[in-house]
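# have a look; sequence and predicted model below, questions after that.
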Amino acid sequence: MGFCSPVFKFLRRGKYFVLLLLSLSVLAWIATFKGEMVKSFQVSSAPTQTLVKGDSLREKFSSFTAATIRLSTPPPKADCPLESPLLQGALQLTFESSLKLKDVESENKGVSEGEYEPSDCTARQNVAILIPHRSRERHLLYLLHHLHPFLQRQQIHYAIYVIQQAGDATFNRAKLLNVGYMEALKDYSWDCFIFHDVDLVPENDHNLYICDKQPKHLVVGRNATGYKLHYKGYFGGVSAMTREQFLQVNGFSNTYWGWGGEDDDLRKRIELQKMKIMRPPADIARYTMVFHKRDSGNEINKDRMKLLGRTQQVWRKDGLNSCSYKTLSLERMPLYVNVTVDIGKPQS
Ligand code: BGC
């Protein structure tokens with residue numbers, strides 16, 4: 001059979017026909033695929049980049065991936081309401097001797113390394129709670145037990161820092177709080193600082209742990225003093241200052257070793273800056289003080305009146321800017337950041 005036979009001619013034409021059919025189906029497939037991609041973009045997001053005719057397939061794929069990533073980033077949360085709907089008012093406080101740290105940890109699963117933020121709204125303030133501490137484990141446990149749920153109901157972004165004084169030199173609450181301020185700022189640019197005694201538990205969650213235009217004193221009354229303000233200028237126990245307010249007064253004095261005076265000194269610094277201390281209403285700013293004997297190593301500071309007499313002369317050079325210490329350890333525990341520091345000892 002010769003090459004030019006009619007059968008051969010038919011086969012040759014048929015081959016071109018098949019080729020033509022194949023090319024048409026490939027083109028149709030590409031067109032459908034492109035159409036689907038454009039649809040996905042329109043449905044799934046509002047990409048900044050739209051498909052342009054003639055883009056390479058690779059470019060289309062990378063835009064597609066970028067749009068998908070943007071989609072998986074959650075939309076910005078609305079600000080938390082001015083008044084949290086979770087507040088309960090006066091609380092029934094319990095101090096069970098059987099309470100264990102593990103119990104408090106499992107009650108606060110939303111807290112990680114001492115930090116919490118509301119999941120459904122953006123907190124209005126970022127607050128560091130600073131607790132100076134030495135050998136008061138039970139008080140700390142009671143405080144954590146009440147404070148974590150209390151702060152979560154207030155819908156604030158917060159972290160708790162416990163600043164432990166190492167060694168057995170006389171206790172220095174004020175210097176530990178200066179250290180806490182500086183250490184906490186290494187983690188995050190906190191807006192507000194709460195200086196918190198370990199043995200005071202708030203009784204009403206309307207007592208908001210946020211800062212104001214002026215420094216705020218949160219303890220108007222406590223059970224031990226018949227819920228009356230201790231004295232007019234009292235600024236101890238629990239107080240709140242913004243990052244800037246505390247910096248403006250150069251923090252606490254570092255020179256108050258032992259019990260008393262350091263809170264009065266801070267009040268004097270505030271007054272020297274023409275700031276005015278605010279307080280929440282007395283029926284809200286109430287605390288229960290967990291009973292304890294005076295700690296050894298925290299005897300009454302007999303020099304406190306003398307020191308208070310020189311606040312005006314020394315505040316500029318005695319405070320945050322002169323606070324020297326050595327951090328011995330920093331442990332990120334489930335419910336708080338535990339900072340252990342060597343702050344030295346009183347100069348005799
Ligand atoms: C002390 C303060 C103390 C207050 C309340 C004052 O005499 O100087 O430091 O907070 O008493 O107990």
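Cool, the structure landed.
# identify the residues contacting whatever residue of the chain ends up closest to the ligand.
Residue nearest to the ligand within the chain: residue 236 (3.1 Å; C-beta to the nearest ligand atom). The way it works is simple: take the backbone N, C-alpha and C, and place the C-beta from them, glycine included. Counting by C-beta atoms under 8 Å, 6 or more residues apart in numbering, residue 236 touches 197, 219, 230, 263-264.
# filter those down to the buried ones, PyMOL style.
Selecting only the buried entries of those in PyMOL, with 16 or more other C-beta atoms under 10 Å as the criterion:
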select buried, resi 197+219+263+264
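# out of the contacts of residue 236, which are inside helices?
Counting by DSSP state H, those place 263-264 in helices.
# of the contacts of residue 236, which is the nearest to residue 141?
residue 197 (14.8 Å; C-beta to C-beta).
# looks like the closest one contacts residue 239 (just checking).
No: look at residue 197 against residue 239 with C-beta atoms under 8 Å: they stay out of range, at 9.8 Å.
# which strand residues bridge the residue lying closest to residue 134 once chain neighbours are set aside?
Leaving aside its sequence neighbours, residue 134 sits nearest to residue 165 (C-beta to C-beta, 6 or more residues apart in numbering; 4.8 Å). Here residue 165 sits in beta bridges with residue 341, going by DSSP bridges.
# just the contacts of residue 236 that are near the ligand?
Among the contacts of residue 236, proximity to the ligand is found for 230, 263-264 (C-beta under 6 Å from any ligand atom).
# isn't residue 114 up against residue 330?
No: the criterion here is C-beta under 8 Å, and residue 114 misses it with residue 330 at 11.3 Å.
# and for the two, which residues touch both?
In contact with both residue 114 and residue 330: residue 337, using C-beta under 8 Å, 6+ apart.
# between the two, point out the one with more neighbours.
Per other C-beta atoms under 10 Å, whichever of residue 114 and residue 330 has more neighbours is residue 114, with 23 against 14.
# and the nearest residue to that one once chain neighbours are set aside, how many residues sit next to it?
In space, and not counting its chain neighbours, residue 114 is closest to residue 336: 4.0 Å by C-beta to C-beta, 6+ apart. The tally of other residues near residue 336 (other C-beta under 10 Å) stands at 24.
# list the contacts of residue 336.
So residue 336 contacts 114, 131, 144, 160-162 (C-beta under 8 Å, 6+ apart).
# would you agree the residue nearest to residue 134 is in contact with residue 339?
No: using C-beta under 8 Å, residue 165 is not in contact with residue 339; the gap is 10.2 Å.
# excluding sequence neighbours, find me the nearest residue to residue 159.
Counting by C-beta to C-beta, 6+ apart, residue 115 is the residue found nearest to residue 159 once chain neighbours are left out, at 4.0 Å.
# what pairs with the one you found across the strands?
Residues in a beta bridge with residue 115, per DSSP bridges, are residue 112, residue 159.
# count of neighbours near it?
By other C-beta under 10 Å, neighbour count at residue 115 equals 20.
# enumerate the residues of the stretch 101-250 of the chain near the ligand.
Those residues of the stretch 101-250 of the chain that sit near the ligand, judged by C-beta under 6 Å from any ligand atom, are 230, 236.
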